[in-house]
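[1] I'd like to go over a predicted model; first the sequence, then the structure.
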Amino acid sequence: MSNRGKVTKHNLFTDFDGAFEGRLARVISVAANYTSEWAGSAARYDCRIKIRYNKELMAQLEEGMLLAVKNFRGQSKKAVSEGIERYTVMVISKVWPLHYGLGGVNDSHYFPLQMEIIEQSVPDWSTDDQATMMVHMNAVPINYDLVIDKKGEIEFRKGFSYPLVGEKAHVIDLETVDLIYNDKVKKSMGYTKKTTSEDPKKDPRVGVLRMFMESDHQVPIYVDLPKLVRYHFGVFSFTGGGKSNLMSNLFRRILYHEKDTKLVIFDISCEYPFLLSDVFMDSKIPSTIVLEEDPKTPENFARSVVKPRDFEEDPRANDILKAIYDTGKVTYYNRPLTQVPTYGSLMQEMRGLRTENSSRPTYAQAMDELLDFVTNYVNSTGKTEHEEIDTGFVDLLDQEARKAVATFQVHDKSALYAWATTRSTLKKVLSRAKSARQTGITIKELMKKFSGPERVICISIADPDTLRDLVIKLTSAALRYRKRSFEIKPQILFVFDEAQEFIPSGASGHLAQTSASVERLLRQGRKYGLGGAIATQRIAYLNTNILQQLHTFFVGTLPRPYDRTVVSSSFQIDLSILDKTLDFPPGSWLLSSYIATGLDSVPVFVKADNSEDVLKQHIASIKPSSKPKSKPKTVSSDEVEDDDVEQTKLA
Ligand SMILES: Nc1ncnc2c1ncn2[C@@H]1O[C@H](COP(=O)(O)OP(=O)(O)O)[C@@H](O)[C@H]1O
Ligand SMILES: [Mg+2]
């Protein structure tokens, strides 16, 4: 991969108005202190840079900024003859100031002397005395070379080159960082605007760079949205770190800027009807909200939805939810009253019967025969084990079962005989299921929506078992449908917020089945236009096979060291850079991607646009509550008439 650009050499680097003068002092090779099946095997280096003291620097330099130092590859005969300059690019992982006097203070020194030196350092920091102070910096190579040709055109080439110790360190400036991170991505998305805006309708950006904060200029950060969706992404941070906020921010950008995409949100916390309330009111974006029970009234619906703290007390938050209810897009899940067996569950039942009868070889053989029959039926008709059986199958099964008990002379007083001769009763189960409630939305109707006009299907169900059941059924239905139809469009993104509820590691039973379904979706979905988004506060105990499928990730504050180690080893992000996320306020992220950002696997710190700003605007734009306490100042024409009637009556 390469990024090309026309930034000329003289404005490639910044020295913060002459304040920055640093040299690469040391390169330390570090052994990976953690082992993981995914950790890269490349040797890693830590670089130490020493910088002349300048009081401005401590305010300007930040972790995450990129440095360039000339390297040995630029010394080659070829490079020299072609006039090429090559720099090793590294990312700052730590900056700290050093004071000569303070360094010499020892606990055993005469106490007043210690205090004297310590106190003296305060005025020193505000001078530019380079004899007593220095700035140190650690930086980690990002395995890219910055190559500048004779004409001053730049290119980024993958690979590590050993930097020249003692060489000048350069800080890559804002404009170049913008080019590095965004140029390729914007081109690939066909977004050409030079201006940027936090309005999701106007700009597909995620947010802004969390660097050069002292500068007046802000750099927007883009991710390649089609690739983000297609290659799956994860959002990891503690509760309150802004995961759901970021997700809804990304969803808006996807919906407004990528026409052929749909979202299916498994919303166990029941917060997305509000978090995306502006989207649900947007007539250009067809959508559905599926609840656990029929809310019956707009008030019940508004009450059942969770709102962020800033909106909890605001009555208008309920008003916009009621308005959504009034559009008629809120429905509820019409759970099957009778559980229709699937081919899989039937086979499981049959295997159980076989085990029970294992002491009688002929009975076991009868069951084997029947199991073979079901397996062949499933294979020859192209069905899957997750599908529900139908009446045609029940007739065949009934025939086969009767034949088997006759052939193997199963005793007519045995339980197996009773089972085998009553299979036609399954038809009653099927017809009972058919005549179930007519309201709400059934699983079949939900599946149909995958090829319908809806762009957002938000399933807000707090009961984990019900929601997991839907995850299993809907993800496998989507895969099955896509495999059969050879369609890859529209791209469907399946969203699992609070992912620990769906994909824990080492689960058993229903939960294990759910985890396996999501794993299958992520493994196979890419080929069929099905993507996955995962958000969780505890990454350590998730199904690692699923983490491996994520190509893009946003990491916020993870207070537990073990979680950070898992992120570091799963996604090959340097721990020292990851530790920076500990200082992040909600909404700030370390973003890294193998595929959807400007530089593969190079982390960048972003401040995501706050999704709540959009909600505040949306709330401010709606009419006051339907039953206002005081009369609104502006009234519509019909209300004026009503008023007139009132007045005549009074008069
Ligand atoms: N990008 C952001 N900018 C500013 N504040 C944010 C941002 N993202 C989140 N927050 C704040 O953090 C709070 C928690 O966000 P939320 O998305 O609910 O976190 P999580 O889903 O991780 O628990 C929000 O209510 C909001 O006040
Ligand atoms: Mg959340």
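    Nice, I can see it. Numbering: from 1, shown residues only. Ligands and ions are numbered 1, 2, ... in the order given.

[2] number of nearby residues for Arg402?
    15 (other CB atoms under 10 Å). To be clear about C-beta, it is placed using only N, CA and C from the backbone, and glycine gets the same treatment.

[3] so it makes contact with Ser424?
    No - judged on CB atoms under 8 Å, Arg402 makes no contact with Ser424 at a distance of 9.6 Å.

[4] which one is Tyr162 nearest to, not counting chain neighbours?
    Phe72 (5.2 Å; CB to CB, 6 or more residues apart in numbering).

[5] where do the helices sit along the stretch 251-400 of the chain?
    272-275, 277-280, 298-304, 309-312, 315-326, 343-356, 361-381, 391-407 (DSSP state H, counting those that start in this stretch).

[6] Please confirm that Lys94 is located within a strand.
    Yes - Lys94: assigned to a strand according to DSSP: H, G, I helix; E, B strand; the rest coil.

[7] Which one of the residues in this structure is closest to ligand 1?
    Per CB to the nearest ligand atom, Gly587 is where the chain lies closest to ligand 1, at 2.3 Å.

[8] just checking, that residue touches Leu246?
    Yes - if you go by CB under 8 Å, Gly587 and Leu246 touch, sitting 7.3 Å apart.

[9] Those two: who's more crowded?
    Per other CB under 10 Å, whichever of Gly587 and Leu246 has more neighbours is Leu246, with 27 against 21.

[10] and the more buried one, backbone torsions?
    phi -60, psi -40 (degrees, to the nearest 10).

[11] mind listing what it touches?
    Residues counted as contacts of Leu246 (CB atoms under 8 Å, 6 or more residues apart in numbering) are 235, 535, 554, 587, 589, 608, 611.

[12] Could you say which helix or strand holds the residue positioned nearest the centre of the chain?
    In the chain, the centroid-proximal residue (CA atoms, centre = their mean) is Gly234; its distance is 3.3 Å. Assigned by DSSP states H and E, Gly234 belongs to strand 233-236.

[13] got the residues of this structure near ligand 1?
    Contact residues (CB under 6 Å from any ligand atom) of the chain with ligand 1: 237, 239-245, 308-309, 586-587, 608, 610, 612.

[14] Just these: which are in helices?
    In helices, judged by DSSP state H, the following of the residues of the chain next to ligand 1 are found: 243-245, 309, 612.

[15] now, which of those sits nearest Ile459?
    Ser244 (15.0 Å; CB to CB).

[16] Can you check which residues contact both of Gly587 and Leu246?
    Ala608.

[17] which parts of the stretch 1-150 of the chain sit against ligand 2?
    Residues of the stretch 1-150 of the chain lying close to ligand 2 (CB under 5 Å from the ion): none.

[18] what sits against the residue in the stretch 401-550 of the chain positioned nearest to ligand 2?
    Residue nearest to ligand 2 within the stretch 401-550 of the chain (CB to the ion): Asp497, separated by 5.7 Å. Residues near Asp497 by CB under 8 Å, 6+ apart: 243-244, 247, 265-269, 271-272, 535.

[19] List only buried entries from the residues you listed.
    Buried members of those, counted by 16 or more other CB atoms under 10 Å: 243-244, 247, 265-268, 271-272, 535.

[20] just checking, which of those belong to strands?
    Counting by DSSP state E, those place 265-266, 535 in strands.

[21] Can you add distance to ligand 2 and pLDDT and give those back as CSV?
    Formatted as CSV, those follow (distance: CB to the ion, whole Å; pLDDT from 0 to 100):
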residue, distance to ligand 2, pLDDT
Ile265, 12, 97
Phe266, 13, 97
Ala535, 7, 96
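
[22] Look up how far Asp46 lies from Leu263.
    41 Å (CB to CB, to the nearest Å).

[23] Report the contact partners of the residue nearest to Tyr162.
    Counting by CB under 8 Å, 6+ apart, the residues that Phe72 touches are 161-164.

[24] Among those, filter down to the buried ones and hand me the ChimeraX syntax, if you would.
    A single ChimeraX command is used to select the members of those judged buried by 16+ other CB under 10 Å:
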select :161,163,164
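
[25] didn't Leu263 look like it was pressed against Val495?
    Yes - the pair formed by Leu263 and Val495 meets the contact definition of CB under 8 Å, at 6.2 Å.

[26] Give me the more crowded residue out of those two.
    Leu263 (27 against 24).

[27] Could you pull up phi and psi at Lys307?
    Taking degrees, to the nearest 10 as the convention, Lys307 sits at phi -120, psi 150.

[28] Please check the residues of the chain next to ligand 1 and keep the buried ones.
    By 16+ other CB under 10 Å, the residues of the chain next to ligand 1 give 237, 241-245, 586-587, 608, 610, 612 as buried.

[29] so what's the residue lying closest to Thr14 once chain neighbours are set aside up against?
    Nearest residue to Thr14 in three dimensions, chain neighbours excluded: Asp173, at 3.8 Å (CB to CB, 6+ apart). Residues in contact with Asp173, defined by CB under 8 Å, 6+ apart, are 11-14.

[30] Could you give me the ChimeraX syntax to select whichever of those residues are buried?
    To isolate the buried members of the contacts of Asp173 in ChimeraX, using 16+ other CB under 10 Å:
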select :12,13,14
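
[31] Which members of the contacts of Asp173 occur in strands, if any?
    Per DSSP E, the contacts of Asp173 map to strands at 13-14.

[32] Hmm, which of the contacts of Asp173 is lowest in pLDDT?
    Within those, pLDDT reaches its minimum at Asn11, with 78.

[33] Would you mark the buried spots in stretch 474-488?
    474-482.

[34] and what of stretch 490-508?
    In stretch 490-508, counting by 16+ other CB under 10 Å, buried: 491-504, 507.

[35] isn't there a helix covering Trp589?
    No - applying three-state DSSP, one finds Trp589 to be strand, outside a helix.

[36] got a list of what it touches?
    207, 235, 237, 242, 246, 554-556, 581, 605-608.

[37] got it, and Val306?
    269-271, 274.

[38] can I get these in CSV with pLDDT?
    CSV is the format used below for the contacts of Val306 (pLDDT from 0 to 100):
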residue, pLDDT
Ser269, 95
Cys270, 95
Glu271, 95
Phe274, 96
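
[39] can you list those in a markdown table and add distance to Ile622?
    As requested, the contacts of Val306 are exported to a markdown table (distance: CB to CB, whole Å):
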| residue | distance to Ile622 |
| --- | --- |
| Ser269 | 24 |
| Cys270 | 21 |
| Glu271 | 19 |
| Phe274 | 13 |
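
[40] what's around Lys489, how many residues?
    Neighbours around Lys489, by other CB under 10 Å: 11.

[41] Give me the domain ranges for the chain.
    Following automatic domain parsing, the chain resolves into domains at 2-172, 225-336+438-613, 343-419.

[42] wait, which of the ones you listed is closest to Lys194?
    domain 2-172 (14.2 Å).

[43] per-residue confidence at whichever residue of the chain sits closest to ligand 2?
    The chain approaches ligand 2 most closely through Ser244 (3.3 Å), counting by CB to the ion. Looking at Ser244, its pLDDT is 96.

[44] That one: what's it in contact with?
    269, 271-272, 275, 497, 535.

[45] quick check, nearest of the residues you listed to Asp183?
    Looking across the contacts of Ser244 and measuring by CB to CB, the closest to Asp183 is Ala535, at 28.7 Å.

[46] separation between that closest one and Leu467?
    Counting by CB to CB, the gap from Ala535 to Leu467 is 15 Å.

[47] quick one on the thing from earlier: single out the most deeply packed of the helices of the stretch 251-400 of the chain.
    helix 272-275 (a mean of 27; mean count of other CB atoms under 10 Å).
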